[in-house]
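Participant: Build the 3D model from these lines:
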Amino acid sequence: MRMNRVVLAGILLVLIENGVLPWLIPSAWSGRLMPHLTFVLAVYVAGYAGRHRAFLFGLGFGLLGDVLYYGSLIGPYAFGMGLIGYAAGLLLERKPLTLAAAMGVTAMGSAALGTIVYMIYRLFRLTPWSYGFSFYWYIAPSLLLEVLIALALYLPVRRFLLKPSSSSSEESAG
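Facilitator: Numbers count the residues shown, from 1 in each chain. Reported below is the predicted structural model:
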């Protein structure tokens, strides 16, 4: 995986997440939908580049997200995205990343990220809501949107971020 392109794509996704998505989400859903585009890219980094790079990618962009727009507490998204990136890398390291595996890991990871952030916020008493309410109101809608975004990004990620296989160039030379 071309990591320089991945970092540039992550920065572009942060800009889209902060600049474009608030205009596209209806005002009635604006407090409810919080898609994390860099999290979706972290899952793809886990599938194509390995758990260590996914951990660092998730940690870096999670910290950037904490600083930019989730300012009440620094660190929950960095911790959650780093941990889930590493766990997704562990799940996906033995087999190639298929569409079904990418969607499943994105769905499980999104639910886990929302749960981790909720538990950290609950630990520091920053949220008064129950987990059931938070899951219904915030986590589940964001999970569905992130799976749809992961579905839309599957082919572009494979096409633009992966290095061409060296076996095809060896076959044409021989």
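Participant: quick one: low-confidence parts of the protein?
Facilitator: 71, 165-174 (pLDDT under 70).
Participant: quick one, helices of it?
Facilitator: With DSSP state H, the ranges of helices along the chain come out as 3-19, 21-24, 37-49, 51-68, 76-92, 99-123, 131-134, 140-161, 166-173.
Participant: Out of those, which one sits most buried?
Facilitator: Of the helices of the chain, the one with the most neighbours on average (mean count of other CB atoms under 10 Å) is helix 37-49, at a mean of 27. Using the backbone N, CA and C atoms, a C-beta is placed for each residue, glycine as well.
Participant: how about the helices of the chain in a markdown table, adding distance to residue 30?
Facilitator: Compiled in a markdown table, those are given as follows (distance: least, CB to CB, whole Å):
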| stretch | distance to residue 30 |
| --- | --- |
| helix 3-19 | 13 |
| helix 21-24 | 7 |
| helix 37-49 | 16 |
| helix 51-68 | 17 |
| helix 76-92 | 19 |
| helix 99-123 | 17 |
| helix 131-134 | 17 |
| helix 140-161 | 11 |
| helix 166-173 | 46 |
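Participant: contacting residues for residue 30?
Facilitator: Residue 30 sits next to residue 22 when contact means CB atoms under 8 Å, 6 or more residues apart in numbering.
Participant: so how far is residue 21 from it?
Facilitator: In this view, residue 30 and residue 21 are 10 Å apart by CB to CB, to the nearest Å.
Participant: Same question for residue 47.
Facilitator: Residue 47 is 24 Å from residue 21, where distance means CB to CB.
Participant: Next: residue 101.
Facilitator: Using CB to CB, residue 101 is found at 26 Å from residue 21.
Participant: How about residue 83?
Facilitator: Distance from residue 83 to residue 21, by CB to CB: 24 Å.
Participant: Over to residue 31?
Facilitator: 13 Å.
Participant: do residue 161 as well
Facilitator: Distance of residue 161 to residue 21, given as CB to CB: 21 Å.
Participant: Residue 63 too?
Facilitator: 20 Å.
Participant: Ok, residue 153 next?
Facilitator: 14 Å.
Participant: Quick check on the residue nearest to residue 142 when sequence neighbours are not counted: phi, psi?
Facilitator: Spatially, and ignoring its direct neighbours in sequence, residue 142 is nearest to residue 34 (5.1 Å; CB to CB, 6 or more residues apart in numbering). Phi and psi for residue 34, reported as degrees, to the nearest 10, are phi -130, psi 80.
Participant: How many residues are close by residue 34?
Facilitator: By other CB atoms under 10 Å, the residues close to residue 34 number 19.
Participant: Help me confirm that it comes into contact with residue 138.
Facilitator: Yes: between residue 34 and residue 138 there is a contact under CB atoms under 8 Å: 6.6 Å.
Participant: Cool, thanks, talk later.
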